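>>> Sequence and predicted structure are below.
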Protein chains: 2
Amino acid sequence: MTARVPGWFDPQDERTARAAWSRIAEPGDETAARVLEHLGPGPALLALYERPVRLRELAASIDGRRRRPGQPAPGAGWEQRLPQVEPLRDLRTLERFGGRLLIPGDPQWPQPFAALGARTPPALWTRGPVDLTMAVHRAVALVGSRAASPYGEDVAADLGAGSVERGVTVVSGAAYGIDAQAHRGALAGGGPTVAVVACGVDRAYPRGNEQLIERIAREGLVVSEVPPGSSPTRWRFVQRNRLIAALSRATVVVEAAWRSGAMITAGEAVSLGREVGAVPGPVTSAASAGCHRLLREGAVCVTDADEIVELLSPIGAAPAPARSAPASEHDGLDPIDLRVFDALPVRSAVGVDRLAGTAGLDGPVVAAALGRLQLRGLAVEGGGLWRRAPRRGAADPWSDRPAVRA
Amino acid sequence: MTARVPGWFDPQDERTARAAWSRIAEPGDETAARVLEHLGPGPALLALYERPVRLRELAASIDGRRRRPGQPAPGAGWEQRLPQVEPLRDLRTLERFGGRLLIPGDPQWPQPFAALGARTPPALWTRGPVDLTMAVHRAVALVGSRAASPYGEDVAADLGAGSVERGVTVVSGAAYGIDAQAHRGALAGGGPTVAVVACGVDRAYPRGNEQLIERIAREGLVVSEVPPGSSPTRWRFVQRNRLIAALSRATVVVEAAWRSGAMITAGEAVSLGREVGAVPGPVTSAASAGCHRLLREGAVCVTDADEIVELLSPIGAAPAPARSAPASEHDGLDPIDLRVFDALPVRSAVGVDRLAGTAGLDGPVVAAALGRLQLRGLAVEGGGLWRRAPRRGAADPWSDRPAVRA
């Protein structure tokens, strides 16, 4: 079977040809990518119209992979899509939504896609004011379960806001749960955020996130590798994950069940050489089981936006600031002073000799330590006898919860 | 100053001499350990009574480390302790509590202490029916904050019970919070459990855990490096952590603030070449901040007792069993079958040609995939037209939460 070459066709017009190929080839069709690379998108499309059998033979020889019995020949499904190929209509639809088509070589084409190799999409359908190249210069994918817990949703929103406040773009998939909260947090923090969707950018899926997706299209960027009108299929959801991982320097899984799409995205990030982070949660929560599995497999533990910045930074760059803990009065005492401090009674007062016996130190050492403790306000002396200085706000220095653990 | 050699003294009686030294030298006194190694415990004690200045000189030459100004000379405090040295009384006290003194060379002396080097205690004061050598053949330290959360306490008890049920001894510190719950879980699971305390084994500290400590002394083992009657000082708490780490093949921190004693124990485990695990928790909980810090520094994420067993096992031994997730009906479909399944309508029925166009695959491939889907009960045929098989328990296969993430 051969189809008539349509009137719009111009083999020199790479943009329109790529728009057509994004309708013909399913996401992740590596054979199609190799054929486009080999012939160029326009000539490849012409060949599909005029000599489909020869194109399949070429595809098989370029592809070279051995097929299992029952698997289709490379490019076997392309012809079946030809009746649906109307790239000019698709581009008009995109224009009506204020979108633009990006193809390799465009200034906005994301450089990080180079890592995808033959899994690079032929084109990207985008909607929104954000420059994709600028946005993904420093981007993190925040992904996770749709069946998120309130804890996971709160953390996703916090990380989304904290990331954009630190100049990091938030990439996610606009799904319910973690994805949506990550986008919402990013928008609340002033953007930018990029939603990679599995259907056409003219459609809002899932329906319940329609307002969110429309807002991302107004303030951020909605991106898809399938043309307007396309349905979100399971296959496209799975393939979409590779684009989320590829656009981001790191993928951070906020909450995920033991098996889930977010785990696939993390796997894609690993295979693309990107960093993977996981947010811990209660071990009693099934919603965190995937994150804990990732941590056991070597993902970096991420607890706040500073640690996301650290994850994105080249090795050797500034680490996330260390948390400070409220200092205890005896913090930083050297071992000798601590021993003398331990030996000092609270309610009575004793002489240096007695302290020396209790602490197991000789007299001059104890006297010197007492001087240092007095300077720090930890010891008080009266009539040659010493006791511990009264503690601020606590009657008993051996209360149940001193800073150093019992 | 020299003290009179007491009547009980017999330089050949190593056991009594070591009991005396555990009163004389503070825990972790490496100089004392080196002197005992050099002279033997009895002769070293005799020298301390008769020629304390010479012993200090010897200690300084053995010790060899440079001291900072204001630091005591090696062994400078030992003499001050001599008036309190009554090892026969201490041993009688221990006997009254049904305990026994262990010294290096005893069959029950824990072999893992070899890793402590000069930080090995001169003796161990123990109470309880458990054989220490047997107990620490396969032991995990479960440690954490006294200021534990209800979540942390629950997890500690679960891990304690789960560990002993898998033949693993639980070692901890009998403190409030995580330690106590780990011991309680171990006792509930049938023991064995070992409590390493910072005071004499005749004392119960903290008071609120008195019943727990007495039960461990009846069913497990209470261990201390300081003699009966000794107070728990901060110094001793800090030093005690090294014994907990040394007795255990792995230290697992269940909950810990950013800085805490449990973190010290984890650091000791690292320096002794033992494994370190950390239990994750909510990133919003300060009680888990130390655990997350450990995970970022390379600790193994531990979420259940199976993973503790894995942590204790030699590399290459059986890993913890993987969790199973409820399988989705389309799990395991190969990409072609998934594409055809995606293309199958739910409410209407269509022919193979139409499916080929939707799926972007050629007719024979679609027909073969339909056959496989039919075998799996996922597709139904009637009059040459195909549709998706009705799904068990769900009206819409594109409900919000399919197993593959959107």
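Structure's in. What do you need?
>>> can you map out the helices along the stretch 251-400 of chain A?
A:261-271, A:289-296, A:305-312, A:335-343, A:352-359, A:363-375 (DSSP state H, counting those that start in this stretch).
>>> and of those, who's closest to B:E86?
Closest approach to B:E86 among the helices of the stretch 251-400 of chain A (CB to CB): helix A:352-359, 13.7 Å. The way it works is simple: take the backbone N, C-alpha and C, and place the C-beta from them, glycine included.
>>> Can you list the buried residues in that closest one?
Using 16 or more other CB atoms under 10 Å in any protein chain shown as the burial criterion, the residues of helix A:352-359 that qualify are A:V352, A:R354, A:L355, A:A356, A:G357, A:T358, A:A359.
>>> And stretch A:220-236, by the same measure?
Here stretch A:220-236 shows A:220-228, A:230, A:232-236 as buried, counting by 16+ other CB under 10 Å.
>>> what do you get for stretch A:98-112?
Buried residues in stretch A:98-112 (16+ other CB under 10 Å): A:G99, A:R100, A:L101, A:L102, A:I103, A:P104, A:Q108, A:W109, A:P110, A:P112.
>>> contacting residues around that stretch?
A:14-15, A:18-19, A:91, A:94, A:113, A:120, A:122-128, A:131-133, A:136, A:201, A:217, A:246-249 (CB atoms under 8 Å, 6 or more residues apart in numbering or on different chains).
>>> so of those, which ones are in helices?
The members of the contacts of stretch A:98-112 that map onto helices under DSSP state H are A:E14, A:R15, A:R18, A:A19, A:L91, A:L94, A:L132, A:T133, A:A217, A:A246, A:L247.
>>> next one: phi and psi at the closest residue to the first one other than its chain neighbours?
Translated: A:E14. Distance criterion CB to CB, 6 or more residues apart in numbering or on different chains; nearest residue to A:E14, sequence neighbours excluded, is A:P41 at 5.3 Å. With angles defined as degrees, to the nearest 10, A:P41 sits at phi -60, psi -40.
>>> do you know how far A:P41 is from A:D10?
Distance of A:P41 to A:D10, given as CB to CB, to the nearest Å: 11 Å.
>>> which of those two has more neighbours?
Each of A:P41 and A:D10 has its neighbours counted (other CB atoms under 10 Å in any protein chain shown); A:P41 has more, 26 against 11.
>>> pretty sure the more buried one is touching A:S22, no?
No. Applying CB atoms under 8 Å as the test, A:P41 and A:S22 come out as separate, 9.9 Å apart.
>>> Spit out the contact partners of A:E268.
So A:E268 contacts A:N241, A:R242, A:I244, A:A245, A:A246, A:T251 (CB under 8 Å, 6+ apart).
>>> Let me fix that, I meant to ask about A:G167.
Counted by CB under 8 Å, 6+ apart, A:G167 has contacts A:R138.
>>> Look at it and give its secondary structure.
Three-state call for A:G167 (DSSP: H, G, I helix; E, B strand; the rest coil): coil.
>>> Next: A:A156.
helix.
>>> From chain B, how far off is it?
11 Å (CB to the nearest CB, to the nearest Å).
>>> any idea how far that residue is from A:A204?
Distance from A:A156 to A:A204, by CB to CB: 20 Å.
>>> These two: which is more packed in?
A:A156 (31 against 18).
>>> Surely that one and A:A148 touch.
Yes. A:A156 lies in contact with A:A148 (CB under 8 Å); the separation is 7.2 Å.
>>> Can you get me a residue count around A:T126?
With other CB under 10 Å as criterion, A:T126 counts 20.
>>> Report the spatially nearest residue to it, omitting neighbours in sequence.
A:V223 (5.1 Å).
>>> Kindly report the same for A:L124.
A:L102 is the one closest to A:L124 (CB to CB, 6+ apart), at 4.4 Å.
>>> How much space separates that neighbour from chain B?
From A:L102 to chain B the distance is 22 Å (CB to the nearest CB).
>>> What of A:A256?
8 Å.
>>> Return the residues in contact with that residue.
A:V143, A:G144, A:S145, A:A262, A:M263, A:A266, A:A287, A:S288, A:A289, A:G290, A:C291, A:L294.
>>> ok, now how distant is A:L124 from chain B?
Applying CB to the nearest CB to A:L124 and chain B gives a distance of 19 Å.
>>> Identify the residues contacting that residue.
A:L101, A:L102, A:I103, A:W109, A:P110, A:L132, A:V223, A:S224, A:E225.
>>> Now flag whichever of the residues you listed is closest to B:A367.
A:E225 (28.0 Å).
>>> per-residue pLDDT, the nearest residue to the closest one once chain neighbours are set aside?
What sits nearest to A:E225 in space, not counting adjacent residues and going by CB to CB, 6+ apart, is A:P121, at 3.8 Å. pLDDT for A:P121: 98.
>>> Just give me the neighbour total for A:P121.
So A:P121, with other CB under 10 Å, has 28 neighbours.
>>> I'd like to know how far it sits from chain B.
15 Å.
>>> Does that residue touch A:V223 like I think?
No. Assessed by CB under 8 Å, A:P121 is found out of contact with A:V223, at 9.8 Å.
>>> Pull up the overlap in contacts between these two.
A:L243.
>>> thought A:G77 was touching B:D362?
Yes. Taking CB under 8 Å as the definition, A:G77 is a contact partner of B:D362 at 5.7 Å.
>>> What residue spans form the domains of chain A?
A:14-85, A:111-312, A:326-406 (automatic domain parsing).
>>> what's the offset of the longest one from the middle of its chain?
Pointing back at domain A:111-312 there. 6 Å (CA atoms, centre = their mean, to the nearest Å).
>>> How far does it stretch from one end to the other?
16 Å (CA to CA, to the nearest Å).
>>> of the contacts of A:L124, closest to A:V196?
Using CB to CB, the contacts of A:L124 come closest to A:V196 at A:V223, 5.0 Å.
>>> now the closest one: how far from chain B?
With CB to the nearest CB as the criterion, A:V223 and chain B are 15 Å apart.
>>> same question, A:Q111
27 Å.
>>> how far away is that residue from A:V136?
8 Å.
>>> and what of A:G144?
Taking CB to CB, one finds A:G144 at 20 Å from A:V136.
>>> ok, these two, which is more surrounded?
Ranked by neighbour count (other CB under 10 Å), A:G144 and A:V136 place A:G144 first, with 36 against 23.
>>> State the phi and psi torsions of A:R51.
phi -140, psi 60.
>>> sorry, back to before: by neighbour count, which of the contacts of A:E268 wins?
A:T251 leads the contacts of A:E268 on contacts (other CB under 10 Å) with 31 neighbours.
>>> List the residues that contact that residue.
A:T251 touches A:140-141, A:143, A:244-245, A:265-266, A:268-269, A:274-277, counting by CB under 8 Å, 6+ apart.
>>> export those residues to JSON lines and tack on pLDDT?
JSON lines is the format used below for those (pLDDT from 0 to 100):
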{"residue": "A:V140", "pLDDT": "98"}
{"residue": "A:A141", "pLDDT": "98"}
{"residue": "A:V143", "pLDDT": "98"}
{"residue": "A:I244", "pLDDT": "98"}
{"residue": "A:A245", "pLDDT": "97"}
{"residue": "A:T265", "pLDDT": "94"}
{"residue": "A:A266", "pLDDT": "95"}
{"residue": "A:E268", "pLDDT": "94"}
{"residue": "A:A269", "pLDDT": "95"}
{"residue": "A:R274", "pLDDT": "95"}
{"residue": "A:E275", "pLDDT": "96"}
{"residue": "A:V276", "pLDDT": "97"}
{"residue": "A:G277", "pLDDT": "98"}
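>>> so what's the residue nearest to A:E225 up against?
A:S22, A:P27, A:F113, A:E225, A:L243.
>>> same question, A:W235
The neighbourhood of A:W235, defined by CB under 8 Å, 6+ apart, consists of A:E26, A:P27, B:P335, B:L338, B:R339, B:D342.
>>> what residue ranges in the stretch 51-200 of chain A are flagged as low confidence?
A:65-72 (pLDDT under 70).
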